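no sequence on this one, just coordinates:
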């Protein structure tokens, strides 16, 4: 079983409008809802790849109830979310059908009490012992200690379970010091952590801060990995048009899926890049296109990266 | 008891953002939720004025559950909403704190089945017999027959209960032909009904289409009423700065409240204009400021309107 942690689960709501006009009134042409938060997205992709997966984190209030009801429609993902009294958040993506552009609104998330955090830690401690790998994903809701990910990384390491951390800001800074197996920053998160926007030196710098491996997302140019076994850049064979929402979560699922199957780094990166590109190419945000994935996993280029 | 009907109830959600930037990502600084739909707003104002009030219409799904939970916090409003299988809609107002402007998104509403519509008609038929007045407010959700308001107007008239209709488009066109006591169009609804943007001739035209009285909202200039007893324009003593959301619903509450108390038309209009202006002046959208209401109800000017 692979365990994914989403402390700040969300109901991802998408509105389609013919054209977004600030300060006007819009009839929403279509409304879509799905359970979200980065770890939930990772869990769904892992399940689609055939892995047993358990999702934990917090869910509360009427929005949390809807998240759990929708999650139950993916029965391959075991729901181990911990209830919280305050309500889970929504995210809203307003898609402008005239341009295809998206305007995003993110609610702040529930206030987690110390007692709820303690209940989560007990639940996590039990789950991690049965896990082959752990993904810690996304932002921290209010009330959760800023060093939360460091605590969760250490608990996984103590149980001998590899752990991937995908977050940003202070949560990443503190979490990386606890020596996770992998971190997967994007360019902005990497720059905030290291102060550098030069991918290779910044990725190396991030690794010196504690992670065993750093896999930096380069957007359409693929992934850059600095690991104990080597340094690689993996890229899709061509640029794919589409919606990049969830592409990073698919990369995380690819890395973990290949890791638990014992694949080496070039194979892990190939799978992550192919899944990520197949997610950009899919018509629904956060889903991946299986045909594109099958095609690309034989076409991703992995080369040894060298440089200053 | 006054009965308010809201076929398309809503959860009104308000997001505050520092600045709205199309195609960017926004952290929402504050989220507020309240039960909405025009008839629900009317019921809340009537309750604040000390009237017994019952709210009916449809509520369904997780959003409908939240609407009913929030409505229960106004215990003076009796909840007689009819369950529907499809989910009630949300409306979202995004308030830009840099300008104070609001961008509005309205979901379409649940699909009502013929069986649900029949259940509602039975419930309405019982409630209307115990009512002193009825308010029929807002848009029709999908599945409800476009002639719905004509049916509801006739049922109220058959029971000898005065009925106010506040809607637009084809629902208004069909409803007015069933001869409601009062309709309360705004300038846009009146122009759509009559083809004229000249308030006095258009209001007279609307009355010839069947309503016993037509009260046209002139925005900050108050109300124009064409009735069997006379024609009046009622205006606040000064322009009030603020948020006009819900001002029309407060005007409806003022008209019905004065009607059931036996007030004449000038007094009904005075109350409606004072409540409407006190709603614009209140800090929270849809609430009215009691002090401003008390001040204005002695300061509204009502004059006989004459003209072509």
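Thanks, I have it. As the structure is a computational prediction, the values presented were derived from the model and not from experiment.

so residue A:15 touches residue A:91, yeah?
No: counting by Cβ atoms under 8 Å, residue A:91 is not a contact partner of residue A:15; they are 11.4 Å apart. Yep, even glycine has a C-beta here, placed from its N, CA and C like the rest.

Give me the more crowded residue out of these two.
Set side by side, residue A:15 and residue A:91 show more neighbours around residue A:15, with 24 against 19, by other Cβ atoms under 10 Å in any protein chain shown.

residue contacts, that one?
A:26, A:28, A:30-31, A:92-95, B:105, B:107 (Cβ atoms under 8 Å, 6 or more residues apart in numbering or on different chains).

among those, which are in strands?
Among the contacts of residue A:15, the members found in strands (DSSP state E) are A:26, A:30-31, A:92-95, B:105.

Out of the residues you listed, which end up buried?
Burial by neighbour count, 16 or more other Cβ atoms under 10 Å in any protein chain shown: within the ones in strands among the contacts of residue A:15 this picks out A:26, A:92-95, B:105.

can you name the two of those that are farthest apart?
For these, the farthest-apart pair by Cβ to Cβ is A:26 and A:93; their separation is 13.8 Å.

Beyond the host helix or strand of residue A:205, next helix or strand please.
Assessed by DSSP states H and E, residue A:205 sits inside helix A:199-208. Once the chain leaves helix A:199-208, the next helix or strand it forms, by DSSP H and E, is strand A:213-217.

so what secondary structure elements neighbour that following strand?
Applying 3 or more Cβ pairs under 8 Å, 6 or more residues apart in numbering or on different chains; DSSP states H and E, we find strand A:213-217 packed against strand A:182-183, helix A:187-194, helix A:199-208, strand A:223-226, helix A:247-260, helix A:265-281.

Make JSON lines out of the ones in strands among the contacts of residue A:15 and add distance to residue A:305 and pLDDT.
Below are those laid out as JSON lines (distance: Cβ to Cβ, whole Å; pLDDT from 0 to 100):
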{"residue": "A:26", "distance to residue A:305": "46", "pLDDT": "95"}
{"residue": "A:30", "distance to residue A:305": "43", "pLDDT": "91"}
{"residue": "A:31", "distance to residue A:305": "44", "pLDDT": "94"}
{"residue": "A:92", "distance to residue A:305": "38", "pLDDT": "95"}
{"residue": "A:93", "distance to residue A:305": "34", "pLDDT": "93"}
{"residue": "A:94", "distance to residue A:305": "38", "pLDDT": "94"}
{"residue": "A:95", "distance to residue A:305": "36", "pLDDT": "91"}
{"residue": "B:105", "distance to residue A:305": "45", "pLDDT": "96"}
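
Looking at those, which is nearest residue A:117?
Nearest to residue A:117 among those is residue A:92, at 27.1 Å by Cβ to Cβ.

What residues are bridge-paired with the nearest residue to the closest one once chain neighbours are set aside?
Distance criterion Cβ to Cβ, 6 or more residues apart in numbering or on different chains; nearest residue to residue A:92, sequence neighbours excluded, is residue A:105 at 4.4 Å. For residue A:105, the beta-bridge assignment (DSSP bridges) gives partners residue A:92, residue B:26.

Next, the contact list for residue A:105, please.
A:91-92, A:94, B:15, B:17, B:26, B:28, B:94.

What I need now is these written out in JSON lines, including distance to residue B:234 for each item.
Below are the contacts of residue A:105 laid out as JSON lines (distance: Cβ to Cβ, whole Å):
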{"residue": "A:91", "distance to residue B:234": "45"}
{"residue": "A:92", "distance to residue B:234": "40"}
{"residue": "A:94", "distance to residue B:234": "39"}
{"residue": "B:15", "distance to residue B:234": "35"}
{"residue": "B:17", "distance to residue B:234": "37"}
{"residue": "B:26", "distance to residue B:234": "41"}
{"residue": "B:28", "distance to residue B:234": "39"}
{"residue": "B:94", "distance to residue B:234": "33"}
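
Can you tell me which of the residues you listed is closest to residue B:240?
Nearest to residue B:240 among the contacts of residue A:105, with distances taken as Cβ to Cβ, is residue B:94, at 23.5 Å.

Which positions within the helix holding residue A:205 qualify as buried?
For helix A:199-208, the neighbour count (16+ other Cβ under 10 Å) marks A:199-200, A:202-207 as buried.

For chain A, what lies in contact range of chain B?
A:15, A:17, A:20-29, A:31, A:62, A:65-66, A:69, A:92, A:94, A:96, A:99, A:101-108 (Cβ under 8 Å from any Cβ of the partner chain).

can you rerun that using 6 Å?
A:15, A:20, A:22-23, A:25-28, A:31, A:62, A:66, A:101, A:103-107 (Cβ under 6 Å from any Cβ of the partner chain).

what about chain A, any weak spots by pLDDT?
A:307-308 (pLDDT under 70).

Show me the helices in it, by range?
Under the criterion DSSP state H, chain A contains helices at A:38-48, A:61-71, A:114-129, A:148-158, A:169-176, A:187-194, A:199-208, A:247-260, A:265-281, A:290-296.

who does the fifth one touch, helix- and strand-wise?
In other words, helix A:169-176. Contacts defined by 3 or more Cβ pairs under 6 Å, 6 or more residues apart in numbering or on different chains; DSSP states H and E place helix A:169-176 against helix A:148-158.

quick one, what contacts the residue of the stretch 151-300 of chain A found nearest chain B?
Using Cβ to the nearest Cβ, residue A:245 is the residue of the stretch 151-300 of chain A that sits closest to chain B, at 10.8 Å. The contact partners of residue A:245, by Cβ atoms under 6 Å, 6 or more residues apart in numbering or on different chains, come to A:285-286.

if we go to 8 Å?
Shown in contact with residue A:245 (Cβ under 8 Å, 6+ apart): A:93, A:102, A:285-286.

sorry, back to before: gap between the residue nearest to residue A:92 and residue B:14?
According to Cβ to Cβ, to the nearest Å, residue A:105 stands 12 Å off from residue B:14.

Can you work out which residues contact both of these two?
residue B:94.

so residue A:203 touches residue A:213, yeah?
No: at 9.7 Å, residue A:203 and residue A:213 do not qualify as touching, with contact defined as Cβ under 8 Å.

Run through the bridge partners of residue A:231.
Here residue A:231 shows beta-bridge partners residue A:226, assigned using DSSP bridges.

any chance of the buried ones among the ones in strands among the contacts of residue A:15 in CSV, plus distance to residue A:294?
Below are those laid out as CSV (distance: Cβ to Cβ, whole Å):
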residue, distance to residue A:294
A:26, 39
A:92, 33
A:93, 28
A:94, 33
A:95, 28
B:105, 38
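
Just give me the closest of the residues you listed to residue A:3.
Nearest member of those to residue A:3, counting by Cβ to Cβ, is residue A:93, at 27.3 Å.

That closest one contacts residue A:16, correct?
No: judged on Cβ under 8 Å, residue A:93 makes no contact with residue A:16 at a distance of 9.5 Å.
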